[in-house]
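**Student:** I would like the atomic coordinates for the input below:
(2 chains)
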Amino acid sequence: DPKIIQKPKYLVAVTGSEKILICEQYLGHNAMYWYRQSAKKPLEFMFSYSYQKLMDNQTASSRFQPQSSKKNHLDLQITALKPDDSATYFCASSQEGAGAETLYFGSGTRLTVL
Amino acid sequence: GDQVEQSPSALSLHEGTGSALRCNFTTTMRAVQWFRKNSRGSLINLFYLASGTKENGRLKSAFDSKERYSTLHIRDAQLEDSGTYFCAAEAGNMGYKLTFGTGTSLLVDP
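**Tutor:** You can find the predicted model right below:
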């Protein structure tokens, strides 16, 4: 059974719209993250949360807003979508977020912006 | 910024043979993780190393922080080993911020 659930698996959106990517983890972890993989590029770190607080943000655009309603949830809201936002977005988690920990990843949400 | 150079980008093996994947780092990394992307797109954890070597079945990984590289050896390859393998390195004290390699697409054929 997958321990990190991302929904939806595939998402198609029109330019200018807004979407929310869902992530829930059932590993009992206190830290959650978002990574992004654009076409032909490696996965890139976006955000980290620990105990539902933002720890680090490497995303230049404020159009990307993580939302943590519960300790085991970290959703990603993306507004004013652009075609360049097309990518696979991976959620991950680790025990504490302090480093020297194994990160566990979900299976990703593949977003296509037309 | 920190970079991870992964090679080869693609690899084809006959069942029962073996090979090695390698990641070189442009800076000193504290630890490395290896993943395999499965058919559902999930990143499956293979190894976490802060130093030395680890072995799990037909897979063995090594990490040398000083020499700035990590390797993943696959022996006696099986069809189900096919997939894309990634290394990801952890620099400094920001362990959550992994820098990923570009992946190795492995195809094992009969």
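**Student:** quick one: secondary structure of the residue in chain A that chain B sits nearest to?
**Tutor:** Using C-beta to the nearest C-beta, residue A:99 is the residue of chain A that sits closest to chain B, at 2.4 Å. No exception for glycine: its C-beta is placed from N, CA and C like everyone else's. Of the three states, residue A:99 takes coil under DSSP: H, G, I helix; E, B strand; the rest coil.
**Student:** Please look at it and residue B:98 and confirm they touch.
**Tutor:** No: applying C-beta atoms under 8 Å as the test, residue A:99 and residue B:98 come out as separate, 10.5 Å apart.
**Student:** Pick out whichever of these two has more residues nearby.
**Tutor:** In terms of neighbours (other C-beta atoms under 10 Å in any protein chain shown), residue B:98 is the more surrounded of residue A:99 and residue B:98; the figures are 27 against 17.
**Student:** who's in contact with that one?
**Tutor:** Contact analysis of residue B:98 by C-beta atoms under 8 Å, 6 or more residues apart in numbering or on different chains lists A:35, A:43, A:45, A:103, B:33, B:88-90.
**Student:** And for residue B:39?
**Tutor:** Contacts of residue B:39 by C-beta under 8 Å, 6+ apart are residue B:83.
**Student:** Up against chain B, what does chain A have?
**Tutor:** Selection of chain A residues close to chain B by C-beta under 8 Å from any C-beta of the partner chain yields A:2, A:9, A:31, A:33, A:35, A:41-45, A:48, A:55-56, A:58, A:88, A:90, A:94, A:97-108, A:110.
**Student:** tally of neighbours for residue B:100?
**Tutor:** Residue neighbour count, defined by other C-beta under 10 Å, stands at 22 for residue B:100.
**Student:** and if you look at residue A:27?
**Tutor:** The tally of other residues near residue A:27 (other C-beta under 10 Å) stands at 13.
**Student:** pLDDT score assigned to it?
**Tutor:** Residue A:27 carries a pLDDT value of 95.
**Student:** Run through the residues that contact the closest residue in space to it that isn't next to it in sequence.
**Tutor:** Using C-beta to C-beta, 6 or more residues apart in numbering or on different chains and skipping the chain neighbours, the partner closest in space to residue A:27 is residue A:3 (4.9 Å). By C-beta under 8 Å, 6+ apart, the residues touching residue A:3 are A:25-27, A:104.
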